[in-house]
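In: I need the structure of the sequence given here:
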Amino acid sequence: MGTIANLRSRRTQAQLHALAGVGHEIRLDDQSHRRKYLREYNQAFRSYQQALHSADLDAAIQCADILLVGDYHALPNAQHFAAELLEKRVQPGDRPVVLGLETVFARDQRILDQWWRREIDSDELRRRIRFDAEWGYDWEPVFKLLTSGRDHCEAIYGLDCMPREDLRRIGARDRHAAHKIQEIRERHPQAVILVLFGESHLAPAHLPRILKKQVPDQRILTILQNVDPLYWQATSDKAGPITAVQVEFNVLCVFNATPLEKYEHYRLQLSRWCCGREEQADAAPTIYNLILSFARMLGIERYSPHNRTQPRFLMDLLPEVCSTTSDPQFRKLLGSRLNEDAVDRQLRRLEERGSLYVQQLNLLIVREFKLSSAAEEAARFLYYACQGLGQDATARAQEDFYSEAMEHALAYFGSRILCGGREELSEERSALDPSGSEFAGCLVGYQLYDSYIDGRISTRRLRQLFLTKLNEPGTARALFRELSGQRSSPLRRRLPKT
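Out: Residues are numbered from 1 along each chain as shown. Just a heads-up that it's a prediction; the model follows:
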C-alpha cells in the first residue's frame with residue numbers, strides 16, 4: 001500500500017502532465033491571470049477545513065438567504081450545477097427562489113422579461129441580448145439554466161454591466177451587481193436569491209464583502225466550484241472521492257469537474273473565438289495532449305524506433321482528429337470497412353459519448369467534448385498503437401470476446417487515470433449488457449485502476465499490459481482471467497444483476 005504522497009501521485013500524475021500542456025497554451029493566449037484581481041481570487045482559497053456529506057451541504061444551502069455560486073464560464077458542468085441546485089432548492093410550501101445572472105446585462109432586463117412572459121422565443125432572446133457577441137460562451141447550458149429558472153423561479157434578473165473586457169473596471173461591476181441584488185431583495189423580500197457569477201468575483205474581498213455591506217442582515221453563502229488547490233487537497237484523502245468541502249464558515253466548494261476538464265474546455269473555447277465559428281473548434285490539441293500525457297505516465301517513449309517494449313514512433317501514429325464529421329460523411333468513411341449494422345452501432349456510440357476512435361481509419365472524432373469520453377478514446381488509440389497499429393492480426397483479434405474486453409478495460413482505465421477516478425464514469429455503464437465484452441472490460445478496468453492507486457500494480461506492469469500482443473492464441477483470455485481475479489469492484493455492485 002502506498003503513502004498519502006504516493007496515493008496522490010498515482011491519482012494525479014497523468015492529469016498534471018496534461019495540465020502542464022494545456023496551461024502553457026492558455027497562458028500564451030490569455031495574459032489576464034497576471035491581473036491583481038485574479039491573483040486575489042487564486043490566493044484566497046488554498047485549503048479547506050473539512051469534507052462535507054451531501055446532507056451537510058443541503059443543510060447549509062437550506063439556511064442561506066442569498067446563494068453566490070461561482071461560475072467557470074467555459075465549463076458546462078458549472079451551469080448544469082446551478083440549474084440542479086435551483087431545482088433542488090425549489091420545494092412546495094418553501095420560500096420562492098429568484099435567479100440572478102451575470103450572463104445578462106441589467107440593461108437587457110426588459111428583453112429577458114419578454115422571454116419570461118413567452119412573448120419572444122429563445123432565438124430572439126439570444127439575438128437581442130447579443131449573447132454570442134457580449135458573452136461568447138456555450139449557449140446550451142445557459143439556456144438550460146434560463147429555462148429551469150422560468151419553470152421554477154419567481155423571477156430572473158440580469159446583474160451585469162459594461163465593460164466586461166476591462167479588468168481595471170471589474171470592481172465597478174461588483175458594486176453594480178451588489179446594488180442589483182439589493183434591489184431584488186427589496187422586490188422579493190421572502191425569496192431565496194440564487195446568483196451565478198464568475199468565480200473570480202467571489203473572492204472574499206470582491207463581491208461577497210460589498211454585498212454584505214449592502215444587505216448586512218442577510219445570510220450569504222458562497223458556493224465555489226472546482227477550485228484547483230482544494231481539488232488537489234481532496235485527491236490526497238484516502239477515504240475516497242470527495243464531492244464537497246467547507247472552506248470557511250460561509251464558503252463551500254463542490255467538485256463536479258477536474259482541473260484538466262476545466263482548462264481543456266477553456267482551450268476549446270479559445271479555439272472557437274479564434275475561428276469565429278463554434279462548430280470549427282479544433283479538438284486536435286486537446287486529444288494529442290491527452291494521448292501524450294497518458295503515454296508519459298506509462299513511461300511510453302514518443303520516438304522509439306521499434307515495436308517491442310515501446311510502440312514504434314508514436315508521434316507518427318497519432319490519429320487524425322476531426323470535429324465536424326456529419327453522419328453522411330461518417331457513413332462514407334466507414335462504408336468500405338464495416339457493414340451497415342456496424343456503422344450504425346458506431347454512430348450511436350458517437351452520439352452517446354461525444355467522441356469515438358475508429359481504428360480502421362486511425363481517426364478520432366469529437367462532436368461534443370466530454371473529458372471522460374475523450375480520455376477513453378485517447379487511451380483506446382494508445383492501446384492500438386502499442387499493439388501495432390494497422391496490423392491485420394490485431395484487427396482480427398477484435399472478434400474475440402476477451403480481446404475486446406481487454407481493449408475496453410485498458411481504455412476505461414485510461415479514462416479514470418485522466419479524469420481523476422471520478423465515480424460518475426462508472427455510472428455511465430449501468431445500461432450495458434452484463435454479458436457483453438464492454439461490461440466485462442469496464443469491471444476489469446475499474447479493478448485495474450484501484451490496484452494501481454493502491455500500489456498493487458506498477459507503471460511498468462501497466463505498460464506491459466498495453467504492449468502485450470493479444471492476437472497470439474490464448475493471450476487475451478489468460479490476461480483477462482488474471483486481471484479479473486483481483487478484488488471485487490464497487491462497479492460490480494452498481495450494475496444490474498444477471
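
In: Tell me where the stretch 251-400 of the chain has helices.
Out: Taking DSSP state H, counting those that start in this stretch, the helices of the stretch 251-400 of the chain run over residues 259-275, 284-298, 314-317, 327-334, 340-353, 371-388, 392-397.

In: Pretty sure Leu194 is one of the things Gly100 touches, is it not?
Out: Yes - the criterion here is C-beta atoms under 8 Å, and Gly100 meets it with Leu194 at 7.0 Å. Every residue, glycine included, has its C-beta placed from N, CA and C.

In: ok, these two, which is more surrounded?
Out: Remark: of Gly100 and Leu194, Gly100 carries more neighbours, 28 against 25, as counted by other C-beta atoms under 10 Å.

In: Skip the chain neighbours and tell me the closest residue to that one.
Out: Spatially, and ignoring its direct neighbours in sequence, Gly100 is nearest to Val195 (4.3 Å; C-beta to C-beta, 6 or more residues apart in numbering).

In: tell me the contacts of the one you found?
Out: Ile66, Leu67, Leu68, Val69, Leu99, Gly100, Leu101, Glu102, Leu159, Ala177, Ile181 (C-beta atoms under 8 Å, 6 or more residues apart in numbering).

In: Validate this expectation: the second one resides in a strand.
Out: It refers to Leu67. Yes - with DSSP: H, G, I helix; E, B strand; the rest coil as the criterion, Leu67 is assigned to a strand.

In: That one: neighbour count?
Out: Leu67 has 24 neighbours, counted by other C-beta under 10 Å.

In: isn't it right up against Leu196?
Out: No - applying C-beta under 8 Å as the test, Leu67 and Leu196 come out as separate, 9.1 Å apart.

In: Please identify the nearest residue in space to Asn289, excluding sequence neighbours.
Out: Gly21 (4.4 Å).

In: which element is the one you found on?
Out: If you go by DSSP states H and E, Gly21 is part of helix 4-29.

In: returning to what we had before: quick check, pLDDT for the residue nearest to Asn289.
Out: Predicted confidence (pLDDT) for Gly21: 81.

In: quick one, what contacts it?
Out: Counting by C-beta under 8 Å, 6+ apart, Gly21 touches Asn289, Leu292, Ser293.

In: Pull stretch 210-223 out as PDB, backbone CA atoms only.
Out: Taking C-alpha atoms only, stretch 210-223 is exported to PDB below (Å, rounded to 0.1, in the frame of the first residue of the first chain):
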ATOM      1  CA  ILE A 210     -19.500  44.500  -1.000                       C
ATOM      2  CA  LEU A 211     -22.800  42.600  -0.800                       C
ATOM      3  CA  LYS A 212     -22.500  42.100   2.900                       C
ATOM      4  CA  LYS A 213     -22.300  45.800   3.400                       C
ATOM      5  CA  GLN A 214     -25.400  46.300   1.200                       C
ATOM      6  CA  VAL A 215     -27.500  43.700   2.900                       C
ATOM      7  CA  PRO A 216     -25.900  43.100   6.400                       C
ATOM      8  CA  ASP A 217     -28.900  41.200   7.800                       C
ATOM      9  CA  GLN A 218     -28.800  38.500   5.000                       C
ATOM     10  CA  ARG A 219     -27.300  35.100   5.400                       C
ATOM     11  CA  ILE A 220     -24.900  34.900   2.400                       C
ATOM     12  CA  LEU A 221     -23.400  31.500   1.400                       C
ATOM     13  CA  THR A 222     -20.700  31.400  -1.200                       C
ATOM     14  CA  ILE A 223     -20.600  28.100  -3.200                       C
END
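
In: contact partners of it?
Out: 60-61, 63-70, 85, 174-175, 177-179, 181-182, 185, 202, 208, 250-254.

In: Which ones among the residues you listed map onto strands?
Out: Ile66, Leu67, Leu68, Val69, Gly70, Val251, Leu252, Cys253, Val254 (DSSP state E).

In: Would you report the backbone torsion angles of the closest residue to the last one other than its chain neighbours?
Out: When you say that, I think you mean Val254. Computed as C-beta to C-beta, 6+ apart, the closest residue to Val254 that is not its neighbour in sequence is Ala244, at 4.7 Å. Main-chain dihedrals, Ala244, degrees, to the nearest 10: phi -160, psi 150.

In: do you know how far Ala244 is from Leu483?
Out: Relative to Leu483, Ala244 is positioned 33 Å away (C-beta to C-beta, to the nearest Å).

In: just checking, Glu407 touches Leu382?
Out: No - with contact defined as C-beta under 8 Å, Glu407 does not reach Leu382; the gap is 11.0 Å.

In: Okay, strands next: where are they in the stretch 351-498 of the chain?
Out: Here the stretch 351-498 of the chain has its strands, by DSSP state E, counting those that start in this stretch, at 355-358, 363-366.

In: circling back: right, so the helices of the stretch 251-400 of the chain: which one is the most enclosed?
Out: Of all the helices of the stretch 251-400 of the chain, helix 371-388 has the most neighbours on average by mean count of other C-beta atoms under 10 Å, namely a mean of 26.

In: Lovely, talk soon.
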